[in-house]
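Asks: how would this look folded up:
(chains A, B, C and D)
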2 protein chains.
Amino acid sequence: MANRRRPVTLRAIADQLGLDVSTVSRVLNGAAGDRARAASGATAQRIRDLATELGYRPNPHATSLRTQRSNLIGVLVPRLSDLVLATIYEGIEEAASQHGLSTFVTNTRDEPDKQRDRTEMMLARRVDGLIFGDAHADAVLLDELAAQGVRFVLVSRWAGSHPSVTCDDYQGGRLAAEHLLDRGHERVAVIAGEPHASTGLDRTAGFVDRYREAGVPLPEHRVVRSRFDTAGGRQAAELLLDQAERPSAIFAVNDFAAIGAAGAARDHGLRLGEDLALVGFNDTPLAAELPIPLTSVRSPMREMGRRAVDLLARVLAGQRVESERLTPTLVARASTLGSTGAGDSHDDDGGGNAG
Amino acid sequence: MANRRRPVTLRAIADQLGLDVSTVSRVLNGAAGDRARAASGATAQRIRDLATELGYRPNPHATSLRTQRSNLIGVLVPRLSDLVLATIYEGIEEAASQHGLSTFVTNTRDEPDKQRDRTEMMLARRVDGLIFGDAHADAVLLDELAAQGVRFVLVSRWAGSHPSVTCDDYQGGRLAAEHLLDRGHERVAVIAGEPHASTGLDRTAGFVDRYREAGVPLPEHRVVRSRFDTAGGRQAAELLLDQAERPSAIFAVNDFAAIGAAGAARDHGLRLGEDLALVGFNDTPLAAELPIPLTSVRSPMREMGRRAVDLLARVLAGQRVESERLTPTLVARASTLGSTGAGDSHDDDGGGNAG
DNA sequence: TCGTTTGGCCCAATCGTTTGGGTCGATGTT
DNA sequence: AACATCGACCCAAACGATTGGGCCAAACGA
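Replies: Residues are numbered from 1 along each chain as shown, chains lettered A, B, ... in the order given. Model (predicted):
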């Protein structure tokens, strides 16, 4: 095996075979047409044999320098320690490596300054394109970048009219509402997430609209903003459960917020699924395994990641593209079904379809 | 602002100022000594001014090609959707960017083939060094790489005598044992994790040793292997709770496994903290927010990540290095304290210290 | 028999930096 | 007045790959 210290170059192969580097280059990495004209079948074979024997790997820096293409894409997420984004990223990585792309990921903590800064550093690294998982609804940074000709797509959240792959969150909100309506809940509340993220906004909107259509409008004080994490959900739930007319059901736009809410419920002496129904979002693997399994709207996270890469690849190829919106499904479990056991099918990741 | 399409080069600056690129290069990116000798103060200032005005960013591919140093490091983890690794990675990213390094992360799913493959691709990308968060106890891949002169460090798990930054997991296991001994538990069990990971092995060993020292040896059937996730924990707990002499306390080597165990406990009609004590590991943010807050051994995850980068930086600088072992602390909560409320101080990430 | 084609290569420029070694005029030394 | 020194630059060769043009000999057509 080759010594990592001095990787083998085209020149090494060429010299050893008494050929020119250009010939070797064309045979090894040329486009189909070029490759054919570069050398005779026999020579080409000798080149390929020696290359694999020596363990030749093209130097990506040299290639990028010459071709002005890095095959690198940058991925920005609020935080990788958020399971949802981590899962989306797994999809991204999978698809990227199929496309022959490598990815840089970075955490922006959802802070605009950091988003700018990290974007800048990605661009300095000469990425070919970017995937933003942390788009803010106002889209100011994104608009600027687009104007500068930076190529990117969004995932999970949409903003402005930039190409994106998202879950149909509005529809997801409606599904949650539908389910709770079916179970007869009239006094319901929403833990709505952060106002700069389209996910929380749309899920909330779908839920609220569906209830309004059913003739049961939600008063404003039953929709409270929150962070997307467990602590945020707990705080929001405290607020809701302290209200004079306590809701009989809560829709949290995120599973982790829902788990926090479950904690708050317990502190209030409420039994989940009996005294209080709870619906989460994303159907995190955790949801099914909790002491009281959580009803949740499943979004195809990994698939979103994959498709975001496909979409970006098309953007990079200069094609016109359309945003995609994947369809969610609701998985009902004990948290909304009383003491009845949970009916649950747990496969890794639903497919969802475009629309 | 500069157009992203045709980034500004040294040549652009040099031409505009009637200077040579070498002069500009030395002023902008040269070592301190070089920089001084390169140009007069006035000229240097003109260069710097124009550079910032045009938004000059050195082309990293050109630099890497020339210097044979990429300032890139590769990070391999089992899966980023594991909160523990994701958090460690956050620390890595933080420290890396302070060192002026960029990181490639990739998921290996703990599968040896994939580990090989992804390592290979990192090396093909010409990373300067690697951080493995997925070291297997047998260390065969790592030994090979070391022999080839590849530079790397391990994080979270150790293996062989390769430099690593870990939590003192053995000590953590002892802490858990100590706590349960204090609470009077004599019939205890361990959900031990996967046998190829030093984390689970050491935590289990520490726990078992401490109990043996206390004169209460654990029978083998009370130590069961498991995956590190929620489903794994649930399965393992089923096994334990179905045993004739049901344990009064369980130590799970991972918070997620512990959450799964909590689910199983509930299915068996056991109240957590009353009928069954439960201790987790890592003190994931979730632990504190669960309906029944979880006692857990806190490991300084983010700090481990940071230190791994520092360690790797020293390795890359050619220095001799020593492995580091950070100290864990136990955070007691309701899951081992009966109906008493949890005494809990929740700051983000303990510091821990080397040993 | 003399083009013309074509197969099979090689040449050389180029991408943007870094870096060891000039050059050249002004200043300082003796 | 001759000479070394120094400050402020410039030159040019890499680094490893890609790619538009050659070039030469053999094969082919008329």
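Asks: so where's chain A uncertain?
Replies: A:1-5, A:338-355 (pLDDT under 70).
Asks: residue numbers of it in contact with DNA strand D?
Replies: A:7, A:9-11, A:21-22, A:25-26, A:28-31, A:56, A:58-59, A:62-63, A:65-67 (C-beta under 7 Å from any atom of the strand). For every residue, glycine as well, the C-beta is placed using N, CA and C.
Asks: and DNA strand C, which of these contact it?
Replies: A:21-22, A:62, A:65-66.
Asks: related to what we said a few turns ago, also near chain B: which of the residues of chain A next to DNA strand D, exactly?
Replies: A:7, A:58-59, A:62, A:65 (C-beta under 8 Å from any C-beta of the partner chain).
Asks: residue A:251 contacts residue A:279, correct?
Replies: Yes: with contact defined as C-beta atoms under 8 Å, residue A:251 reaches residue A:279; the gap is 4.8 Å.
Asks: need the residues touching each of those two.
Replies: A:176, A:180 (C-beta atoms under 8 Å, 6 or more residues apart in numbering or on different chains).
Asks: mind listing what's buried in stretch A:122-140?
Replies: A:122-136, A:139 (16 or more other C-beta atoms under 10 Å in any protein chain shown).
Asks: checking the residue nearest the centre of chain A next. Helix, strand or coil?
Replies: When C-alpha atoms, centre = their mean is applied to chain A, the residue found nearest the centroid is residue A:88 (3.4 Å). Secondary structure, DSSP: H, G, I helix; E, B strand; the rest coil: residue A:88 is helix.
Asks: so it versus residue A:326, what's the distance?
Replies: Here residue A:88 is placed at a distance of 11 Å from residue A:326 (C-beta to C-beta, to the nearest Å).
Asks: got any residues that touch both of those two?
Replies: Going by C-beta under 8 Å, 6+ apart, residues that sit against residue A:88 and also against residue A:326 are residue A:304.
Asks: wait, residue A:296 sits on residue A:279?
Replies: Yes: using C-beta under 8 Å, residue A:296 is in contact with residue A:279, at 6.7 Å.
Asks: quick one: the helices in chain A?
Replies: For chain A, the helices defined by DSSP state H occupy A:10-17, A:21-29, A:32-38, A:41-54, A:60-67, A:83-98, A:112-124, A:140-147, A:169-182, A:198-213, A:230-241, A:255-267, A:285-289, A:301-316.
Asks: now do the buried residues in stretch A:186-198.
Replies: So stretch A:186-198, judged by 16+ other C-beta under 10 Å, has buried residues A:188-194, A:196-198.
Asks: tell me the two of the residues you listed that are most distant?
Replies: A:188 and A:196 (24.3 Å; C-beta to C-beta).
Asks: who in chain A is up against DNA strand C?
Replies: Checking chain A against DNA strand C by C-beta under 7 Å from any atom of the strand, the hits are A:18-23, A:37-40, A:43-44, A:62, A:65-66, A:68.
Asks: number of nearby residues for residue A:231?
Replies: 18 (other C-beta atoms under 10 Å in any protein chain shown).
Asks: mind listing what it touches?
Replies: A:260, B:285, B:289.
Asks: and the first one, what does it touch?
Replies: Contacts of residue A:260 were listed using C-beta under 8 Å, 6+ apart, and they are A:229-237, A:252, B:289.
Asks: now residue A:272
Replies: Counting by C-beta under 8 Å, 6+ apart, residue A:272 has contacts A:262, A:265-266, A:278, A:292, A:334-335, B:291.
Asks: number of residues surrounding the nearest residue to residue A:34 once chain neighbours are set aside?
Replies: Distances taken as C-beta to C-beta, 6 or more residues apart in numbering or on different chains place residue A:26 nearest to residue A:34, at 5.0 Å, with adjacent residues excluded. Per other C-beta under 10 Å, the neighbour tally for residue A:26 reads 20.
Asks: quick revisit: please identify the most buried of the helices of chain A.
Replies: helix A:255-267 (a mean of 26; mean count of other C-beta atoms under 10 Å in any protein chain shown).
Asks: now do that one and helix A:230-241, the angle between them.
Replies: 50 degrees (axes from the mean of the first three to the mean of the last three C-alpha atoms, to 10 degrees).
Asks: okay, angle between helix A:255-267 and helix A:198-213 too, please.
Replies: 60 degrees.
Asks: then helix A:255-267 to CSV, C-alphas only?
Replies: Taking Å, rounded to 0.1, in the frame of the first residue of the first chain, the C-alpha atoms of helix A:255-267 are listed here in CSV:
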residue,chain,number,x,y,z
ASP,A,255,-41.0,16.3,19.5
PHE,A,256,-38.5,17.7,21.9
ALA,A,257,-40.8,20.5,22.8
ALA,A,258,-43.4,17.9,23.3
ILE,A,259,-41.2,15.9,25.7
GLY,A,260,-40.7,19.1,27.7
ALA,A,261,-44.4,19.6,27.7
ALA,A,262,-44.9,16.1,29.0
GLY,A,263,-42.6,16.9,31.9
ALA,A,264,-44.6,20.0,32.7
ALA,A,265,-47.8,18.0,32.5
ARG,A,266,-46.6,15.5,35.1
ASP,A,267,-45.6,18.4,37.4
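Asks: starting at the chain centroid, how far to it?
Replies: 24 Å (C-alpha atoms, centre = their mean, to the nearest Å).
Asks: excluding its backbone neighbours, what's nearest residue A:38?
Replies: Nearest to residue A:38 is residue A:26, by C-beta to C-beta, 6+ apart, at 3.4 Å.
Asks: quick one on the thing from earlier: which one of the buried residues of stretch A:122-140 is nearest residue B:144?
Replies: residue A:125 (29.8 Å).
Asks: and the residue nearest to residue A:294 when sequence neighbours are not counted, how far from residue A:326?
Replies: Closest residue in space to residue A:294, ignoring its immediate chain neighbours: residue A:287 at 4.1 Å, by C-beta to C-beta, 6+ apart. Counting by C-beta to C-beta, the gap from residue A:287 to residue A:326 is 18 Å.
Asks: now swap in residue A:217 and tell me
Replies: 29 Å.
Asks: more neighbours: which of those two?
Replies: Taking other C-beta under 10 Å, residue A:217 and residue A:326 do not tie; residue A:326 has more neighbours (22 against 12).
Asks: what's opposite the more buried one in the beta bridge?
Replies: With DSSP bridges as the criterion, residue A:326 is bridged to residue A:167.
Asks: is it true that it touches residue A:169?
Replies: No: using C-beta under 8 Å, residue A:326 makes no contact with residue A:169, being 10.0 Å away.
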